[in-house]
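1. structure here, sequence nowhere to be found:
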């Protein structure tokens, strides 16, 4: 079976029509006999499949009840074996006509692979040593009207898997396990932050000004207010207003939306953790980043040493701390502190680095970093002190105003987040916004807009604050050894067929 054949298994009604008609006829027959499986509203589940083998000595000979999808069936005259799959795994079940009666057994023989059933029975071990459930009762809880992909090949075509994630989860245990681990990552983050006195909050998704990042927003329309609104590109500005309000330590885990390219690392909507802490700086944010990543690694994989795409990443030791200038010096052999803007421009042209008309020396430095350094940052590393041109919300370095108190964490050659010592000077922030506004006027549609409400909050007074954003999807990718962001998003953005 080819990948195209697998897609046809799911999508082509012409190929499936005969089997679908047969299943619909079976359903109609059940309904005509007053046995509509969709009438069931509950089933008493006493145990999950994976618990039975692990507790066999305790459960042998005792009655259990479980429910799930029938994934295989072997009918042998008056007795049959089948497998029931729930969220955590599968267990074999054994059903015998003499135990359940002729009517129930004949009805069972009419079940299809993919049907959802509830069973009750005693735990035992077969002659071949397989731990199973000897069925005394069985109920059809839902009829599957579509055929699952052919079991030997499974569901492998990526497009089909993403469009029909529900089938992907049924057929691929590793996929199911990835999303269980994703939940564990988010739970780990919450446990750490809650334990350190942070308050989880929720801020608006629809915003009048799309602030907090350099990105192109999605635009929508509010009919009642008769105005355009933006879907948020960041959580930042509202969270900092809560710091002004005295909450001191806040965080949000939420979806953000950016109307930009799609790749293995980018999806138009993704999950972001952002946290803000009063009376600390970006060094404090480096420390908490290490704690978040280390705890998540331990909670999800059981070790601070994580294997990712052939690399062993050590989250157990302090991350290397490297300025952007030093990273470019190391990997591109260029010292941006020792050259002028004109030198940087000429060097960029020589090395094929694209430069926009509005770019300054700091933009060129960042382009060199992305081209030469980023891919080499395999072990967890903090890249510090970004140029001011690309950091409109970070404090300037007192000793060198061309750079800011900002860092980005990297691992396996990928950026995981962004963090600052936040600007709390409203006059400085207004100047930064005005500069960004001039870039918009020059054609940069990712530049920041002036947010008067946020400036009003800063004028009320914000304490020294450290802020951190981590891309949850990218952290999950690292901890599940997943190459593409689409494989850690249940329903990635896709163009309709």
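-> Perfect, I can see it now. The structure displayed is predicted, hence computed values, not measured ones.

2. contacts and neighbour counts: CA atoms only from here.
-> Will do.

3. pretty sure residue 374 is touching residue 413, no?
-> Yes. Using Cα atoms under 8 Å, residue 374 is in contact with residue 413, at 5.4 Å.

4. neighbour-wise, which of those two wins?
-> Taking other Cα atoms under 10 Å, residue 374 and residue 413 do not tie; residue 374 has more neighbours (21 against 15).

5. check contacts around the more buried one.
-> 410, 413, 414 (Cα atoms under 8 Å, 6 or more residues apart in numbering).

6. please identify the buried residues of the strand or helix carrying residue 432?
-> For residue 432, the host element (DSSP states H and E) is helix 426-441. Residues of helix 426-441 classed as buried: 426, 429, 430, 432, 433, 434, 435, 436, 437, 438, 439 (neighbour count, 16 or more other Cα atoms under 10 Å).

7. which strands or helices does the longest helix along the chain pack on?
-> Identified as the longest helix of the chain according to DSSP state H is helix 173-195. Packing partners of helix 173-195 (3 or more Cα pairs under 8 Å, 6 or more residues apart in numbering; DSSP states H and E): helix 165-171, helix 282-301, helix 472-479.

8. and residue 386, how many neighbours?
-> 26.

9. wait, it touches residue 326, no?
-> No. Using Cα under 8 Å, residue 386 makes no contact with residue 326, being 11.2 Å away.

10. buried set for stretch 459-467?
-> For stretch 459-467, a neighbour-count test (16+ other Cα under 10 Å) marks 461, 462, 463, 464, 465, 466, 467 as buried.

11. quick one: terminal-to-terminal distance for it?
-> 19 Å (Cα to Cα, to the nearest Å).

12. for stretch 191-207, same thing?
-> OK, stretch 191-207 end separation, Cα to Cα: 29 Å.

13. same question, stretch 26-46
-> 29 Å.

14. in it, what's buried?
-> 26, 27, 36, 37.

15. please enumerate the helices of the stretch 251-400 of the chain.
-> With DSSP state H, counting those that start in this stretch as the criterion, the stretch 251-400 of the chain has helices at 282-301, 324-332, 341-350, 361-368.

16. quick one on the thing from earlier: what's in contact with the longest helix of the chain?
-> Around helix 173-195, the neighbours that count as contacts under Cα under 8 Å, 6+ apart are 87, 89, 168-170, 199-200, 251, 292, 295-296, 299-300, 472, 476, 480, 487-488, 490.

17. what about residue 73, which SS state?
-> Following DSSP: H, G, I helix; E, B strand; the rest coil, we place residue 73 in the strand state.

18. how about it, nearest residue that isn't a chain neighbour?
-> Spatial nearest neighbour of residue 73, excluding adjacent residues (Cα to Cα, 6 or more residues apart in numbering): residue 82 at 4.1 Å.

19. using the three-state scheme, assign that neighbour.
-> Classified using three-state DSSP, residue 82 is strand.

20. any low-confidence regions in this protein?
-> 1-16, 151-156 (pLDDT under 70).

21. in strands, which of the buried residues of stretch 459-467 fall?
-> 465, 466, 467 (DSSP state E).

22. what helices or strands is the helix holding residue 432 leaning on?
-> helix 452-460.

23. residues making contact with the helix it packs on?
-> Counting by Cα under 8 Å, 6+ apart, residues outside helix 452-460 touching it are 237, 238, 241, 244, 424, 425, 426, 429, 430.
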